[in-house]
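Engineer: Structural data only, the sequence is not supplied:
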């Protein structure tokens, strides 16, 4: 393991008195997290898109060993798992008329997709991972749409019937109670290009009609505990439109406010994610008092737009350390804005493909590649896997999240931080990000008492700072005697972030 400069400058044995330059001044050097700084009382945790592998022929035995080892290390609190109904529905018969209510079809799960789905859900069931489950699109193809579902999209009467049957099969009959949410179609606000998208004829009103029908169909199957994701929209503009519609018309039909956020470096680097989400929070909460509480905020897909290749739907920057820093920064800003959970796009290059020109091209946006045909350097864990592991373990479900006034863009646009206390009150940690161009020094302390934690594990993430063990997974840069309840002075190099934890992550 490579040696790096020490991060800790001192660990004082007693708290310090904060200096103040005026009545309304903020001490940016000494950050004390108090009970009044609590922004979330029970965090939902972090997750990853881990979908059904479209082509298992491209995997081998070694691939599956790496898949399971990596998902075990990442230890997500939840996953988003999407399928295509076309894999399982067959024998369509429309009776030769236009009455869709008497159409018939059958289901067949005895294929490679069904087997693959079972493997994933068994793992989630055994490891207490919550699952958001749904279908990418309605049934049918663009070139031979015998189902005739594209005009109505998820408002089609058969969509709710299919969805309820599949959920009943998986949850009630197969026992996969790890499935907690149903996704009523992927990114319903993204219409795409006519002739190239099944969503082209969709609208907010059609999506709302579909939600109502699916809710009734699930309830009829006794699946009242399955929540429907409120939106699953993409982008701030589309999300605002759908969330306003949900708040006004169907707040009682959804279990959360869900979105996909793929943002440019500019929004993350400058702290605009936190600022924009706070504005959105104010506007939607005015329409629905249950927004952010009864119906939490969840980001079900997230990634960076810079580096995206539209033709391959991959990202050329996923192998960089800075990608990991920015995704960590994004995660902190969302947590500080009250977002209850973030799911990253995505886990593995080997899950999804583009099929332009008849050639299957993997969507390279993962934390590694399980594809047996890929080069060794593509199969290696990428830096943002390690940064994600630190956060998934520290920001565990049920944790309390504490913010600070120093996170204001007007005070310090290059610095953000938060504190975490686990659900039991026996551990936690700090996360601090320095997006500036020079090293800075900060002191941190958590006022709420943590019992029995007298050792601190420090992890630094930046160019030349990441430390890996013999197993290829991240290890602490330092382990020291200390407490979150005692002032800790640390040095943060330029464009890096630090995680301090009472446990090895």
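Structural biologist: Structure received. Everything numeric here is computed off the predicted structure, so don't read it as measured data. Numbers count the residues shown, from 1 in each chain.
Engineer: what comes up buried for stretch 246-257?
Structural biologist: Using 16 or more other Cβ atoms under 10 Å as the test for burial, stretch 246-257 gives 246, 247, 250, 251, 253, 254, 255, 256, 257. All C-beta atoms are positioned from the backbone trio N, CA, C, and that covers glycine.
Engineer: Of these, which belong to helices?
Structural biologist: 246, 247 (DSSP state H).
Engineer: show me what contacts the residue nearest the centre of the chain?
Structural biologist: Taking Cα atoms, centre = their mean, the centroid of the chain lies closest to residue 343, which sits 0.9 Å from it. Residues near residue 343 by Cβ atoms under 8 Å, 6 or more residues apart in numbering: 46-49, 76, 78-80, 132, 298-302.
Engineer: Next, count neighbours for the closest residue to residue 379 other than its chain neighbours.
Structural biologist: Among residues not flanking residue 379 along the chain, residue 369 sits closest, at 5.2 Å (Cβ to Cβ, 6 or more residues apart in numbering). Residue 369 has 24 neighbours, counted by other Cβ atoms under 10 Å.
Engineer: OK, contacts around residue 369?
Structural biologist: Contacts of residue 369 by Cβ under 8 Å, 6+ apart are 348, 349, 350, 362, 378, 379.
Engineer: So residue 441 sits against residue 491, correct?
Structural biologist: Yes. In this structure, residue 441 is within contact of residue 491 by Cβ atoms under 8 Å, at 5.3 Å.
Engineer: which stretches of the stretch 401-505 of the chain have low pLDDT?
Structural biologist: Judged against pLDDT under 70, the stretch 401-505 of the chain has no low-scoring part.
Engineer: on that earlier part again, what's the most distant pair in the buried residues of stretch 246-257?
Structural biologist: 247 and 255 (14.0 Å; Cβ to Cβ).
Engineer: So what would you say the end-to-end distance of stretch 402-414 is?
Structural biologist: 19 Å (Cα to Cα, to the nearest Å).
Engineer: just stretch 140-153 next, same as before
Structural biologist: 11 Å.
Engineer: Quick one: mean pLDDT for that stretch?
Structural biologist: Averaging pLDDT along stretch 140-153 gives 90.
Engineer: and the closest residue to residue 57 other than its chain neighbours, what pLDDT?
Structural biologist: In space, and not counting its chain neighbours, residue 57 is closest to residue 112: 7.9 Å by Cβ to Cβ, 6+ apart. For residue 112, the pLDDT comes out at 94.
Engineer: What of residue 24?
Structural biologist: 53.
Engineer: Equivalent analysis for the one 5 residues further on, please.
Structural biologist: Confidence at residue 29, expressed as pLDDT, is 93.
Engineer: Contact partners for it?
Structural biologist: 441, 442, 443.
Engineer: Show me what the strand or helix carrying residue 490 is packed up against.
Structural biologist: Assigned by DSSP states H and E, residue 490 belongs to strand 488-492. With contacts defined as 3 or more Cβ pairs under 8 Å, 6 or more residues apart in numbering; DSSP states H and E, the packing partners of strand 488-492 are strand 8-11, strand 428-434, strand 440-446, strand 496-501.
Engineer: Name the surrounding residues that touch the last one.
Structural biologist: The set of residues external to strand 496-501 that reach it, using Cβ under 8 Å, 6+ apart, is 7, 325, 328-329, 387, 390-391, 393-394, 427-434, 444, 456-463, 465, 484, 488, 490, 492, 505.
Engineer: Tell me the strands beside that strand, with direction?
Structural biologist: Using DSSP bridges, the strands paired with strand 496-501 are strand 428-434 (antiparallel), strand 455-461 (antiparallel).
Engineer: Return the distance of the first one from the chain's centre.
Structural biologist: Right, strand 428-434. With Cα atoms, centre = their mean, to the nearest Å as the basis, strand 428-434 stands 19 Å off its chain's centre.
Engineer: sorry, back to before: and residue 163, which of the helices and strands packed on strand 488-492 is closest to it?
Structural biologist: Closest among the helices and strands packed on strand 488-492, using Cβ to Cβ: strand 428-434, at 38.1 Å.
Engineer: re earlier: tell me which element the nearest residue to the residue nearest to the centre of the chain once chain neighbours are set aside is part of?
Structural biologist: Distances taken as Cβ to Cβ, 6+ apart place residue 47 nearest to residue 343, at 4.0 Å, with adjacent residues excluded. Assigned by DSSP H and E, residue 47 falls within strand 45-49.
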